[in-house]
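In: How does the following fold in three dimensions:
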Amino acid sequence: MTGGRALVITALLLASAGAMRLGSGVGSALARVPDPTPAVTAEATPAICPPPPAALVEALRQREAQIVTQEAALAERRAALDLAAQAIDARLAELSSAEARLSDTLARADGASENDLARLTAVYEAMKPKDAAALFTQMEPDFAAGFVGRMKPEAAGAVMAGMPSDTAYAISLLLAGRNALVPKE
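Out: Below is the predicted model:
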């Protein structure tokens, strides 16, 4: 039985060595398991801060006073800008109204002058060609060309036929060149 005893002792030694190894791993495994009771840390406990120095408190009060003053100045500027914007809008409305009245007046004036020119052209057309030619000869060529250009071709031809050739030529040049500078596109 001595051989059996030696075998049992060897088995016990191996078992105890294995148990010791397991025991050492259990300790570190247990160390990794979080503790269900929270630990009290420095972050969790409220820190008691010492009161701020008087110089810091005074600097903060001065800064707050500056900010209040700046806010009041900005509010005044905003109010002034709002008033200026209202005045500008009112002035623009007045200018727009004046422009509309001026456009209306100019349209009436243009219409009236156009009516006058049409009536005067009709008068020249109704005149005897010889009398109208004598009258047109006395006019500046560019002024006379304006009326000749508005006349019916038959009446204009009869009037120009009664004019001296140099005057008729000057009026013809003006009539031919009056639209030469008009853009083509």
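In: all helices of this protein, in order?
Out: Under the criterion DSSP state H, the chain contains helices at 2-32, 54-126, 129-138, 141-150, 153-161, 165-177.
In: among these, which is nearest Pro183?
Out: Of all the helices of the chain, it is helix 165-177 that lies closest to Pro183, at 15.3 Å by C-beta to C-beta. Bear in mind the C-beta positions are built from the backbone N, C-alpha and C, glycine included.
In: Between helix 141-150 and that closest one, find me the angle.
Out: 70 degrees (axes from the mean of the first three to the mean of the last three C-alpha atoms, to 10 degrees).
In: Now do helix 165-177, average pLDDT.
Out: If you average the pLDDT over helix 165-177, you get 90.
In: on that earlier part again, include mean neighbour count and distance to Ile48 when you put the helices of the chain into CSV, please.
Out: Shown next, in CSV, are those (neighbours: other C-beta atoms under 10 Å; distance: least, C-beta to C-beta, whole Å):
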stretch, mean neighbour count, distance to Ile48
helix 2-32, 9, 34
helix 54-126, 10, 18
helix 129-138, 17, 113
helix 141-150, 18, 102
helix 153-161, 16, 112
helix 165-177, 15, 102
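In: Could I get these in a markdown table, plus columns for distance to Pro183?
Out: Shown next, in a markdown table, are the helices of the chain (distance: least, C-beta to C-beta, whole Å):
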| stretch | distance to Pro183 |
| --- | --- |
| helix 2-32 | 93 |
| helix 54-126 | 22 |
| helix 129-138 | 31 |
| helix 141-150 | 20 |
| helix 153-161 | 26 |
| helix 165-177 | 15 |
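In: Of those, which shows the lowest average pLDDT?
Out: helix 2-32 (a mean of 72).
In: Name the nearest residue to Ala134, ignoring sequence neighbours.
Out: Gly162 (7.5 Å; C-beta to C-beta, 6 or more residues apart in numbering).
In: got a list of what that neighbour touches?
Out: 129-130, 132-134 (C-beta atoms under 8 Å, 6 or more residues apart in numbering).
In: let's see 10 Å
Out: 128-134, 136-137, 168 (C-beta atoms under 10 Å, 6 or more residues apart in numbering).
In: Kindly provide the distance from Ile48 to Ala87.
Out: Ile48 sits at a distance of 60 Å from Ala87 (criterion: C-beta to C-beta, to the nearest Å).
In: wait, isn't Leu117 in contact with Gly146?
Out: Yes. Between Leu117 and Gly146 a contact is recorded at 7.9 Å, counting by C-beta atoms under 10 Å.
In: Alright, I will stop here.
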